[in-house]
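>>> Build me a structure from this.
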Amino acid sequence: MRYVIAILAVALGVAAVVYGGADDSPGLQLLGAVLVVGAVAFAVRTARRGT
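Modelled structure (predicted):
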């Protein structure tokens, strides 16, 4: 279940980066990138713990 949350967060982050690029909004792109990095870190941490 935690992987599904991480995948959805990555998808939302990628959408924010794409929409921020189309709208010329660097703040939205930054938030999207931070969301993607955080979701990947969460998924890696969860996988390493084995839970």
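
>>> Excluding sequence neighbours, find me the nearest residue to Ala16.
Leaving aside its chain neighbours, Ala16 sits nearest to Gly32 (3.0 Å; criterion: CB to CB, 6 or more residues apart in numbering). Every C-beta, even on glycine, is put in place using the N, C-alpha and C of the backbone.

>>> Next one: that neighbour relative to Ala11, how far apart?
Distance of Gly32 to Ala11, given as CB to CB, to the nearest Å: 10 Å.

>>> Which elements pack onto the longest helix seen in the chain?
Taking DSSP state H as the criterion, the chain has its longest helix at helix 26-49. The contact analysis (3 or more CB pairs under 8 Å, 6 or more residues apart in numbering; DSSP states H and E) places helix 26-49 against helix 2-22.

>>> The helix it packs on to helix 26-49, inter-axis angle?
With axes from the mean of the first three to the mean of the last three CA atoms, to 10 degrees applied, the angle from helix 2-22 to helix 26-49 works out at 160 degrees.

>>> hmm, who's touching helix 2-22?
25-36, 38-40, 42-43, 46, 51 (CB atoms under 8 Å, 6 or more residues apart in numbering).
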